[in-house]
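Visitor: Have a look; sequence and predicted model below, questions after that.
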Amino acid sequence: MSKVTSMHDAVATAVDDGDSLYLAGFTHLIPFAAGHEIIRQGRTDLELIRATPDLIYDQLIAAGCARKVTFSWAGNPGVGSLPAFRRAAEEGYPTEIELEEYTHFGMIAALEAGASNLPFMPLRGFIGSDLPEHNDNIARVESPFDDDYVYAVAPIEPDVAVVRAQRADEDGNAHLWGIQGEVKLAALAADTVILSVEEQCSEETIRSDPNRTVITADEVDHVVVEPYGSHPSYAQGYYGRDNEAYLSWAETAADRDTVEAWLDEWVYGVDDRREYVEKLGTERILDLEPETAYATPVNMGEYR
Amino acid sequence: MSKVTSMHDAVATAVDDGDSLYLAGFTHLIPFAAGHEIIRQGRTDLELIRATPDLIYDQLIAAGCARKVTFSWAGNPGVGSLPAFRRAAEEGYPTEIELEEYTHFGMIAALEAGASNLPFMPLRGFIGSDLPEHNDNIARVESPFDDDYVYAVAPIEPDVAVVRAQRADEDGNAHLWGIQGEVKLAALAADTVILSVEEQCSEETIRSDPNRTVITADEVDHVVVEPYGSHPSYAQGYYGRDNEAYLSWAETAADRDTVEAWLDEWVYGVDDRREYVEKLGTERILDLEPETAYATPVNMGEYR
Amino acid sequence: MTTDETETDTETETARERAYTNSELMVVAAARELESDDSVLVGIGKPNLACNVAKRTHAPELRMVYESGTIGSNPKTPPLSIGDPGLAAGALSIEPMRNGFNYYLQAGRLDVGFLGGAQIDRYGNINSTVIGDYDDPIVRLPGSGGACEIACHVDRTMIITPHTERRFPEEVDFITSPGYVDGREGREELGLDGGPEAVITDLGVYRFNDDGELYVDSLHPSATRDEIQSKTGWEIEFADDLQQTAEPTDEELRLIREELDPEELYTDQAE
Amino acid sequence: MTTDETETDTETETARERAYTNSELMVVAAARELESDDSVLVGIGKPNLACNVAKRTHAPELRMVYESGTIGSNPKTPPLSIGDPGLAAGALSIEPMRNGFNYYLQAGRLDVGFLGGAQIDRYGNINSTVIGDYDDPIVRLPGSGGACEIACHVDRTMIITPHTERRFPEEVDFITSPGYVDGREGREELGLDGGPEAVITDLGVYRFNDDGELYVDSLHPSATRDEIQSKTGWEIEFADDLQQTAEPTDEELRLIREELDPEELYTDQAE
């Protein structure tokens, strides 16, 4: 049964005020379009969970959607800090935000526990760090077999995850290539999953290469087909990362007024991702297009 | 630097009497040729570790190579029991064998702990089972966050793992498709790794599809290029499973004499896998060949 | 339904009975336990046939998952093992073994699992490990494989086994896979949901009552209460409204004989 | 080498100094820490440049691994982020994030890691979390990301940072990533091997003595002992045989300026 819908309807159905939310993707396939739709629909009091809040959470924070940020690295990769995140954390503007902080490894282990239905996940992490003192979901655990020890993290189980992939069938079985990040874990750990893809494909395409499948329909509630839905993040093989947008964010978000003007223009000022892409313009889109480089084929064989 | 060598030399270098050994592969890509070479070289006192001992460990046990079997399901899939394993377990012939027993999930979790350098791995397994009473490497652990509990298993870290894949470059970066089983974990958990492949490929081929890489050169000590090295198990896309060989094993191994006659003919009676394949004959090989069915291509993109 | 009625039915069915065997009836009875939106962890042999019969009849959306990590397999012919290449080719996804157990089984994404066993007791606990003493076995069986955690984590466990006396002792020699332990409360105390749903033998279909104890829900046309009781190590209950197991349809028999098991590897088929 | 000699050297180098900047020298000094069979967890900016200089000169077999899970990346141009598409295309392998941390970092498969930080103390402990009180920050920094576990698990941590007074306090406000804790024994007691190997600043290259305390191993041609001491929150040690940091070669400068950072995103380049 087809789960294909619009981003507007998927967000309207899946995301409630007060929800905990994971917009997944490590640099790659970040669901910017979903984030913008959540801002347009005016959701508030969200717990924003994400290893790397990135620009998309900075925008959600600037728009006043957040009450809490659960994270492990809150910066603009290769550029510097996230201005709106800092204003919220340092000055409480536009909302006070509570912080729940991990290391990347700890955060991923917590998602792994959530994805696996385990009460905790051990890791050799946080050792010598001051972080465990400030987070009750990190605890030291002794090995039952010797005098070794580890830290454990409690499961993270978001109400809603939005994940992206390059292609999926109408049920939500998705092929993803390039950097996978924590996409699979976020989908498995969350109660409700919106899957957004660059293009829809047939079930046959999925079945032709089952090792490429990262998300299966079991986890997916809504499928949204949304080309360029990750810009200024990227989709491997479809378009590159718009590094200009990341570099200019430092200035764009430098103060309250400039970031609000940006939101007015690029989020509130467009109806949906299609309008956003039209506004970006053909030249910018074309500049991001990579040359084609196909993976060497593999033969799965036909067995009777 | 090329690690390519012969199976004879790889086994001679890597496998010592008394070693713990993991010949990996869940039904798919079982390293039969490596097992036969170990028998030919007369290794003894081995701890044979493997979720599914399958015919290859039945053959190693029949040949007197084993002192211990660590396992989770000792049967002939779809057929019945492993006669030589049972003779050793029930009658101590040709050697007494110690058993260390898990469930599949427990065994995989123990390999995961070994692969991850963790002192234990939790799982919701063994619950209500009598197995933990008989294995000191299984222990109950309480959650540090609530009143939940899990079982934990200690790490399994074999001295040597032999793993197979369809193709690898000379360094040991390998593409594997189809059923992956515990291949990756075994390679990661072991001290020394022999990688055997159906065919050697260029580093470029590997780099054209990095998401297909299951083993990287970091783990690999020896690369052996050995077509049909998994028969009567199979290599997805290259040849099918020789179910006839599995079905007839019940009879072949039914008593001491028949299994020894089989070893004389098919293991001691050939010098290497090439001779084994020649002995199998063209017709049998051709009968196992699947029709071609390529995976739908993906574009990784060329980024400058 | 009384014993008399059952026996009468059995007699009148003699002619039709020739048309199918009890092993075919077992497959069909198991198939009917499956619903179209089930994700089922398929075993080899009769469970695999049962899933394929269900998928080709009343449960077209049935999702078949194998311990080998293949998700949504669609094999053209029944596999000999749970890791055959025909389960991988054309699957929706293939997971490394750890992920299959961790994210699918343990995380509760699978509805149904099929298990066999050398011994099943009155609470549906299963032994597939050892007959006799663990350290000095009379018969060393294959062991758990995936069975223990399947029994822990799926919603409904289906057990398919021939009914012989040594298979149904009051207590198993070794618990490989938990049923209701010592009753439904025993299972709950371990923190486990789900549990055994049905036991399907060559004599009947059995279920579990409110205490978690096995009872006979339907008798196969060729079977009698006495036969079942005589082969069971405790006084087994029979349903007040004991039914006769519904017979295979022509289409179900055709599927088994022509498409799924033409070589009679897993079923004896009537001449 | 005495202070006088160093100063003399610095003066005589003034002309040549124009030919490169201290940020270029930092890149080159970091590159020289790398060996050809190292697996290195690369950071963005100068660490990435350093790895690429090393790979193109004395360490052709260097394996570059990124926190995003790309193994053996071979980017054509330096990435802005650690997850750029050019790190994925042409990599040897791409691991899900969990596998990268679990199987590569935690399992000890990585030799070198690069870290930065807002504060570094005398034992090489790093703060990249917060200036001021954790719950009421003066400056909220990005946080650990991968840094804490990199500091725990690689054999040799390299720290690249400008040397300003507020960056080198005697004690950091918050330990994000452990160095030698309160000395080498402190690190050992936590069960950690490895540790900080070098700190590379715009003034010099510093290492750690047998107690795990920072000392200045070489001075950059343009720097002085006094400058370093005046910007350090404790009495910093200088090596008995204090060296001058070796200058970039023409080939190293060419690589940085023409191939790796033509737009001067990460280095100031001499006119």
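Guide: Perfect, thanks for sending it.
Visitor: What residues does the residue in the stretch 151-271 of chain C positioned nearest to chain B make contact with?
Guide: Closest residue of the stretch 151-271 of chain C to chain B, Cβ to the nearest Cβ: C:P178 (2.8 Å). The way it works is simple: take the backbone N, C-alpha and C, and place the C-beta from them, glycine included. By Cβ atoms under 8 Å, 6 or more residues apart in numbering or on different chains, the residues touching C:P178 are B:I127, B:G128, B:S129, C:N125, C:C148, C:A151, C:C152, C:R187, C:L190, C:L192.
Visitor: What sits closest to the fourth one if chain neighbours are left out?
Guide: In this case it means C:N125. C:G179 (4.3 Å; Cβ to Cβ, 6 or more residues apart in numbering or on different chains).
Visitor: Please verify my assumption that the one you found contacts C:Q119.
Guide: No: in this structure C:G179 lies outside contact range of C:Q119 using Cβ atoms under 8 Å: 11.3 Å.
Visitor: Am I right that C:M64 sits in a helix?
Guide: No: C:M64 sits outside any helix when classified using DSSP: H, G, I helix; E, B strand; the rest coil, being strand.
Visitor: Against chain A, how distant is it?
Guide: 13 Å (Cβ to the nearest Cβ, to the nearest Å).
Visitor: Helix, strand or coil: sort out A:A139 for me.
Guide: Quick answer, by three-state DSSP: A:A139 is strand.
Visitor: List the beta-bridge partners for it.
Guide: A:A152 (DSSP bridges).
Visitor: Can you list the strands that the worst-scoring helix or strand of chain A on mean pLDDT pairs with?
Guide: Counting by mean pLDDT, DSSP states H and E, chain A has its least confident helix or strand at strand A:80-81, which shows a mean of 92. When pairs are called by DSSP bridges, strand A:80-81 turns out to pair with strand A:75-76 (antiparallel).
Visitor: Mind checking the pLDDT average for the partner strand?
Guide: For strand A:75-76, the mean per-residue pLDDT is 96.
Visitor: From what I see, A:V150 and A:F120 are in contact.
Guide: No: in terms of Cβ under 8 Å, A:V150 does not count as a neighbour of A:F120; the distance is 9.9 Å.
Visitor: quick one, which of those two is more surrounded?
Guide: Taking other Cβ atoms under 10 Å in any protein chain shown, A:V150 and A:F120 do not tie; A:F120 has more neighbours (27 against 23).
Visitor: what's around the residue nearest to C:N125, how many residues?
Guide: So C:G179, with other Cβ under 10 Å, has 31 neighbours.
Visitor: Phi and psi next, for the closest residue to A:L118 other than its chain neighbours.
Guide: Spatially, and ignoring its direct neighbours in sequence, A:L118 is nearest to B:P122 (5.8 Å; Cβ to Cβ, 6+ apart). Phi and psi for B:P122, reported as degrees, to the nearest 10, are phi -80, psi 150.
Visitor: Equivalent analysis for A:R207, please.
Guide: Taking degrees, to the nearest 10 as the convention, A:R207 sits at phi -70, psi -20.
Visitor: so how many other residues sit close to it?
Guide: For A:R207, using other Cβ under 10 Å, the count is 23.
Visitor: Mind checking what secondary structure A:E289 has?
Guide: coil.
Visitor: That one: what's its closest spatial neighbour, skipping adjacent residues?
Guide: Spatial nearest neighbour of A:E289, excluding adjacent residues (Cβ to Cβ, 6+ apart): A:Y239 at 6.0 Å.
Visitor: partner residues bridging C:G113?
Guide: Bridge pairing for C:G113 - DSSP bridges - gives C:L41, C:T157.
Visitor: thought it was touching C:L34?
Guide: No: C:G113 is beyond contact range of C:L34, at 11.5 Å (criterion: Cβ under 8 Å).
Visitor: Report the set of residues contacting both of these two.
Guide: Contacts common to C:G113 and C:L34, judged by Cβ under 8 Å, 6+ apart, are C:V40.
Visitor: quick one, which of these two is more surrounded?
Guide: C:G113 (31 against 23).
Visitor: contacting residues for the more buried one?
Guide: Contacts of C:G113 (Cβ under 8 Å, 6+ apart): C:V40, C:L41, C:G43, C:I150, C:A151, C:V154, C:R156, C:T157, C:M158.
Visitor: Make TSV out of those and add pLDDT, neighbour count and distance to C:L25.
Guide: Output for these, formatted as TSV (pLDDT from 0 to 100; neighbours: other Cβ atoms under 10 Å in any protein chain shown; distance: Cβ to Cβ, whole Å):
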residue	pLDDT	neighbour count	distance to C:L25
C:V40	97	27	20
C:L41	96	27	23
C:G43	80	24	18
C:I150	97	26	24
C:A151	97	30	25
C:V154	98	27	24
C:R156	98	19	20
C:T157	97	26	20
C:M158	97	23	15
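Visitor: follow-up on the earlier one: quick check, pLDDT for the residue nearest to A:L118.
Guide: pLDDT, B:P122: 98.
Visitor: now C:L49
Guide: 91.
Visitor: Is the helix or strand it falls within in proximity to chain B?
Guide: According to DSSP states H and E, C:L49 maps onto helix C:46-56. No: using Cβ under 8 Å from any Cβ of the partner chain, helix C:46-56 stays clear of chain B, coming no nearer than 9.1 Å.
Visitor: next one: that helix to chain centre, how far?
Guide: On the basis of Cα atoms, centre = their mean, to the nearest Å, helix C:46-56 sits 11 Å off its chain's mean C-alpha point.
Visitor: if we can go back for a sec, got the contact list for the residue nearest to C:N125?
Guide: By Cβ under 8 Å, 6+ apart, the neighbours of C:G179 are C:120-121, C:123-126, C:151, C:157, C:187, C:195-196, C:208, C:212.
Visitor: excluding its backbone neighbours, what's nearest the closest residue to chain D within the stretch 101-250 of chain A?
Guide: Closest residue of the stretch 101-250 of chain A to chain D, Cβ to the nearest Cβ: A:G128 (2.8 Å). Using Cβ to Cβ, 6+ apart and skipping the chain neighbours, the partner closest in space to A:G128 is D:P178 (2.8 Å).
Visitor: Who are the packing partners of the helix or strand containing C:E197?
Guide: C:E197 belongs to strand C:195-200 when assigned by DSSP H and E. With contacts taken as 3 or more Cβ pairs under 8 Å, 6 or more residues apart in numbering or on different chains; DSSP states H and E, strand C:195-200 sits against helix C:22-31, strand C:156-160, strand C:204-208.
Visitor: Pick the most deeply packed of the ones you listed.
Guide: Ranked by mean neighbour count, the helices and strands packed on strand C:195-200 are led by helix C:22-31 with a mean of 25 (mean count of other Cβ atoms under 10 Å in any protein chain shown).
Visitor: what about stretch A:99-112 and chain B, any contact?
Guide: No: counting by Cβ under 8 Å from any Cβ, chain B is not contacted by stretch A:99-112; separation bottoms out at 10.4 Å.
Visitor: Could the C-alpha coordinates of that stretch be exported in CSV?
Guide: Provided in CSV are the C-alpha atoms of stretch A:99-112 (Å, rounded to 0.1, in the frame of the first residue of the first chain):
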residue,chain,number,x,y,z
LEU,A,99,20.6,20.9,26.7
GLU,A,100,21.2,17.2,26.9
GLU,A,101,24.7,16.6,25.7
TYR,A,102,26.7,13.5,24.5
THR,A,103,29.8,12.7,22.6
HIS,A,104,29.1,11.5,19.0
PHE,A,105,29.9,7.9,20.0
GLY,A,106,27.7,8.2,23.1
MET,A,107,24.8,9.7,21.1
ILE,A,108,25.1,6.9,18.5
ALA,A,109,25.2,4.3,21.2
ALA,A,110,22.1,5.7,22.8
LEU,A,111,20.3,5.6,19.4
GLU,A,112,21.6,2.0,19.0
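Visitor: Noted, bye for now.
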